[in-house]
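pasting the sequence and the predicted coordinates here, then a few questions.
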Amino acid sequence: MKAEHLSPIKDQSNWSTRLFRKLAISWLSRIDDAFLEIQDPDGSWMIGTPGAELSVKVRFLDRGMWQELALGGTLAGAEAYMAGRWNCSDLTALTRIMGRNLEVLRQGVDNPLKRLGAPVNRLLHFFNRNTREGSRRNISAHYDLGNDFFRLFLDTEHKMYSSAIYPFPEASLEEASTYKLKTICDKLDLKPTDHLLEIGTGWGGMAIYAAKHYGCRVTTTTISREQHDHARRRIAEEGLEGRITLLFEDYRDLQGEYDKLVSIEMIEAVGHDFLPTYLQTLQKHLKPDGLALIQAITVRDQRYQESVKKVDFIKKYIFPGGFLPSNTKLLEKLTRHTDLNLLHLDEIGFHYARTLNDWRLRFLTRLDEVRQQGYDERFIRMWEYYLCYCEGGFAERAIGTSQLLLARPANRRANLAGRLE
C-alpha cells in the first residue's frame with residue numbers, strides 16, 4: 001500500500017522528527033485491507049485504501065509521537081495513548097487493523113531488533129513469575145481493584161469476568177452470561193450427587209449457579225481477597241453455605257478428589273513455567289472417572305513461542321505474570337504430563353469480542369462513577385485501550401477462547417449426544 005502526504009500547512013518539524021516519521025510511515029504503508037489517516041501538527045498522511053472496511057483517523061497531538069512509534073513500537077503507542085498524546089476515531093477498529101497485520105507489524109514497528117526497551121520489560125515480567133507468592137501479588141494487582149469497580153460493567157447477576165456465549169443475536173450480556181454457565185454445567189453433565197471443584201472462584205457466579213440449578217456440592221478457591229469476600233457474602237445471601245465450600249488457597253495446595261472440575265479463564269494466570277503443574281493438579285483432584293472443563297484464552301499456535309517471550313501491553317499494564325497457551329501446546333502438555341483425554345473443544349472467541357464490546361460500552365457510560373472511586377484519566381484511558389485491544393484481537397482471531405472438555409481414562413459413562421452441538 002502507498003502512503004500519501006496531504007499537508008495544508010508548512011512542515012515545522014526538525015530533522016529527527018522527519019526521519020522517524022518517514023521510518024514509521026514506510027513500515028505502516030505495508031498494512032493490508034485497511035485505511036489510516038494520521039494527522040500531526042504538520043499535516044496529514046493517508047495510508048492504505050480509502051473506503052476499506054477498517055478505516056480510522058488517528059491524531060497525534062505532538063510531533064514526538066513519531067519517535068515513540070519508530071523506537072518503541074505498538075507498546076509505546078499504547079503508553080502514549082494512556083498519557084493522552086493521541087486520539088483516534090475508532091480505537092477498536094485500529095486494534096483490529098493491528099490484529100489483521102501482525103506479521104507486518106512484527107517486521108516493522110514491532111521488530112524486536114528495534115525494541116530498545118524489550119530486555120527491561122522481559123526482566124520485569126520475569127519477576128512477575130507465578131510462584132505462590134507471585135501469584136497472590138499478580139492476582140491482587142488486577143482483581144483487587146475493587147468489587148465496586150468491576151460492578152460497573154460486568155453482568156448484574158453473575159459478575160462473570162470471562163467470555164459469555166450469546167445464544168441469539170439480540171441476547172443481552174446477562175442472558176449470555178447465564179447461557180455460558182448453563183453450557184458449562186451441561187457439558188460436565190452435573191448431577192446432584194456430584195462434588196464439583198472450581199479453580200478460580202471469580203465473584204462466585206459459577207459456584208452459585210451450579211449449586212442452585214444443578215443441586216451439586218461445590219468447593220471453590222480463589223487467591224483474590226476482594227473476590228473471596230464478595231463471593232462469601234453472595235453465597236450467604238443465597239443460603240448456599242451448606243452446598244458451597246469457599247477456600248482462600250493456591251490451586252497447588254488443594255486436597256481431595258472430586259467428580260467434576262471446572263476452571264474458567266484461570267489458566268492465563270498460571271504462567272508458561274507452571275502449565276504442567278496446573279494440568280497435573282487437574283488430574284490429581286479428579287476421580288478416575290471424572291470430567292473437567294477448562295475455558296482458556298488462547299493464542300494462535302504459530303505465535304505461541306513469540307507470545308511467551310514478548311511483553312506486550314496486557315502483560316505490562318493489565319495482567320502482570322499473564323500468559324496465553326495455544327490449543328496445540330495445551331494438548332501437548334496434557335498428553336505429556338497427565339492421563340486426561342480431550343473429549344470436545346469449542347472455540348468461542350467471537351463471543352468474547354462481543355462480550356468485551358458490552359463491557360466497554362457499560363464502562364464508558366459510567367466514567368463519572370469510575371472517577372468518584374478515585375481513578376484518574378490515565379487509568380480510564382488504559383482500561384479503554386485494554387478493552388478495545390482485546391475486542392480487536394478476538395474479532396480478528398489473533399487470540400481465541402476455547403472450552404476443552406477433558407476426561408480421566410475410567411470415564412466411560414459420559415453421554416455427550418445432544419449436549420455438544
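Here it is on my side, so go on. Numbers count the residues shown, from 1 in each chain.

what helix or strand is Val104 located in?
helix 102-107 (DSSP states H and E).

and that helix, what's buried?
Leu102, Val104, Leu105, Arg106 (16 or more other CB atoms under 10 Å). The C-beta positions use only the backbone N, C-alpha and C, and glycine is treated the same way.

would a markdown table of the residues you listed with pLDDT and distance to Asp33 be doable?
Output for the buried residues of helix 102-107, formatted as a markdown table (pLDDT from 0 to 100; distance: CB to CB, whole Å):
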| residue | pLDDT | distance to Asp33 |
| --- | --- | --- |
| Leu102 | 87 | 13 |
| Val104 | 82 | 11 |
| Leu105 | 82 | 14 |
| Arg106 | 80 | 17 |
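
of those residues, which is the nearest to Pro50?
Closest approach between the buried residues of helix 102-107 and Pro50, by CB to CB: Val104, at 18.9 Å.

which non-adjacent residue is nearest that closest one?
Once flanking residues are discounted, Val104 sits nearest to Arg30: 4.7 Å by CB to CB, 6 or more residues apart in numbering.

Pro288 belongs to a helix?
No: checked against DSSP: H, G, I helix; E, B strand; the rest coil, Pro288 lies outside a helix; its state is strand.

can you show me the strands along the stretch 251-400 of the chain?
258-264, 286-299, 341-347, 399-407 (DSSP state E, counting those that start in this stretch).

among these, which is nearest Glu237?
Here strand 258-264 is closest among these (CB to CB), at 21.4 Å.

which SSE is the residue lying closest to Ser16 once chain neighbours are set aside in?
Nearest residue to Ser16 in three dimensions, chain neighbours excluded: Gln67, at 6.9 Å (CB to CB, 6+ apart). Using DSSP H and E, the element containing Gln67 is helix 65-82.

next one: Glu249
Per DSSP H and E, there is no helix or strand for Glu249.

I'd guessed it sits against Thr219; true?
No: Glu249 is beyond contact range of Thr219, at 10.0 Å (criterion: CB atoms under 8 Å).

if you count what's nearby, which of those two comes out ahead?
Thr219 (21 against 13; other CB atoms under 10 Å).

what residues sit buried inside stretch 74-87?
Neighbour-count burial for stretch 74-87 [16+ other CB under 10 Å]: Thr74, Leu75, Ala76, Gly77, Ala78, Glu79, Ala80, Tyr81, Met82, Arg85, Trp86.

separation between the residue lying closest to the last one once chain neighbours are set aside and Arg85?
So the one you mean is Trp86. Counting by CB to CB, 6+ apart, Phe60 is the residue found nearest to Trp86 once chain neighbours are left out, at 5.0 Å. Per CB to CB, to the nearest Å, Phe60 is found 7 Å from Arg85.

helices of the stretch 101-250 of the chain, residue ranges please.
102-107, 118-126, 132-143, 147-151, 173-187, 205-214, 225-237 (DSSP state H, counting those that start in this stretch).

what about Ala70, neighbour count?
Ala70 - counted by other CB under 10 Å - has 22 other residues nearby.

do Asp194 as well
Other residues close to Asp194 by other CB under 10 Å number 19.

for His158, see how far away it is.
20 Å.

what do you get for Gly73?
In terms of CB to CB, Gly73 sits 38 Å off from His158.

same question, Ala211
Taken as CB to CB, the span from Ala211 to His158 is 13 Å.

now for the one helix or strand Leu19 maps to, which elements pack on it?
Using DSSP H and E, Leu19 sits within helix 15-28. Here helix 15-28 touches strand 3-6, strand 35-40, strand 43-48, helix 65-82, helix 102-107, going by 3 or more CB pairs under 8 Å, 6 or more residues apart in numbering; DSSP states H and E.

could I get the ones you listed as JSON lines with distance to Pro167?
JSON lines is the format used below for the helices and strands packed on helix 15-28 (distance: least, CB to CB, whole Å):
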{"stretch": "strand 3-6", "distance to Pro167": "44"}
{"stretch": "strand 35-40", "distance to Pro167": "35"}
{"stretch": "strand 43-48", "distance to Pro167": "37"}
{"stretch": "helix 65-82", "distance to Pro167": "34"}
{"stretch": "helix 102-107", "distance to Pro167": "31"}
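
worst mean pLDDT among the ones you listed?
In terms of average pLDDT, strand 3-6 trails the rest of these, at a mean of 58.

follow-up on the earlier one: for Trp359, find the nearest of the helices and strands packed on helix 15-28.
Going by CB to CB, the one of these nearest Trp359 is helix 65-82, 18.3 Å.

can you name every helix or strand that the closest one contacts?
helix 15-28, strand 86-88, helix 313, helix 377-395.

let's have the ones you listed in JSON lines, adding distance to Pro169 and mean pLDDT.
What follows is the helices and strands packed on helix 65-82, written out as JSON lines (distance: least, CB to CB, whole Å; pLDDT from 0 to 100):
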{"stretch": "helix 15-28", "distance to Pro169": "35", "mean pLDDT": "89"}
{"stretch": "strand 86-88", "distance to Pro169": "28", "mean pLDDT": "98"}
{"stretch": "helix 313", "distance to Pro169": "31", "mean pLDDT": "91"}
{"stretch": "helix 377-395", "distance to Pro169": "16", "mean pLDDT": "97"}
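
adding distance to Glu347, write the ones you listed out as CSV.
As requested, the helices and strands packed on helix 65-82 are arranged in CSV below (distance: least, CB to CB, whole Å):
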stretch, distance to Glu347
helix 15-28, 31
strand 86-88, 29
helix 313, 24
helix 377-395, 11
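
out of these, nearest to Leu342?
Going by CB to CB, the one of the helices and strands packed on helix 65-82 nearest Leu342 is helix 377-395, 22.4 Å.

contacts for the closest one, please.
78, 81-84, 91-99, 313-314, 317-318, 349-350, 352-353, 356-357, 359-360, 363-364, 367, 370-371, 398-401 (CB atoms under 8 Å, 6 or more residues apart in numbering).

report the buried members of those.
Buried, going by 16+ other CB under 10 Å: 78, 81-82, 91-99, 313-314, 317-318, 349, 352-353, 356-357, 359-360, 363, 370, 398-401, out of the contacts of helix 377-395.

how's this structure carved up into domains?
According to automatic domain parsing, the chain comprises the domains 3-116, 132-407.

rank these by pLDDT, which is bottom?
Among the domains of the chain, domain 3-116 scores lowest, with a mean of 86.

closest to Ser172 out of the helices and strands packed on helix 65-82?
It is, among the helices and strands packed on helix 65-82 and with distance given as CB to CB, helix 377-395, at 17.5 Å.

can you dump the C-alpha coordinates of the closest one into CSV?
Taking C-alpha atoms only, helix 377-395 is exported to CSV below (Å, rounded to 0.1, in the frame of the first residue of the first chain):
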residue,chain,number,x,y,z
GLU,A,377,-7.7,9.8,33.4
ARG,A,378,-4.6,7.8,32.7
PHE,A,379,-6.3,4.7,34.3
ILE,A,380,-9.5,5.3,32.3
ARG,A,381,-7.6,5.6,29.1
MET,A,382,-5.6,2.4,30.0
TRP,A,383,-8.8,0.5,30.6
GLU,A,384,-10.4,1.8,27.4
TYR,A,385,-7.3,0.7,25.4
TYR,A,386,-7.3,-2.7,27.2
LEU,A,387,-11.0,-3.4,26.3
CYS,A,388,-10.6,-2.3,22.7
TYR,A,389,-7.3,-4.1,22.3
CYS,A,390,-8.8,-7.4,23.4
GLU,A,391,-12.0,-6.9,21.4
GLY,A,392,-10.0,-6.3,18.3
GLY,A,393,-7.8,-9.3,18.9
PHE,A,394,-10.8,-11.7,19.3
ALA,A,395,-12.6,-10.1,16.3
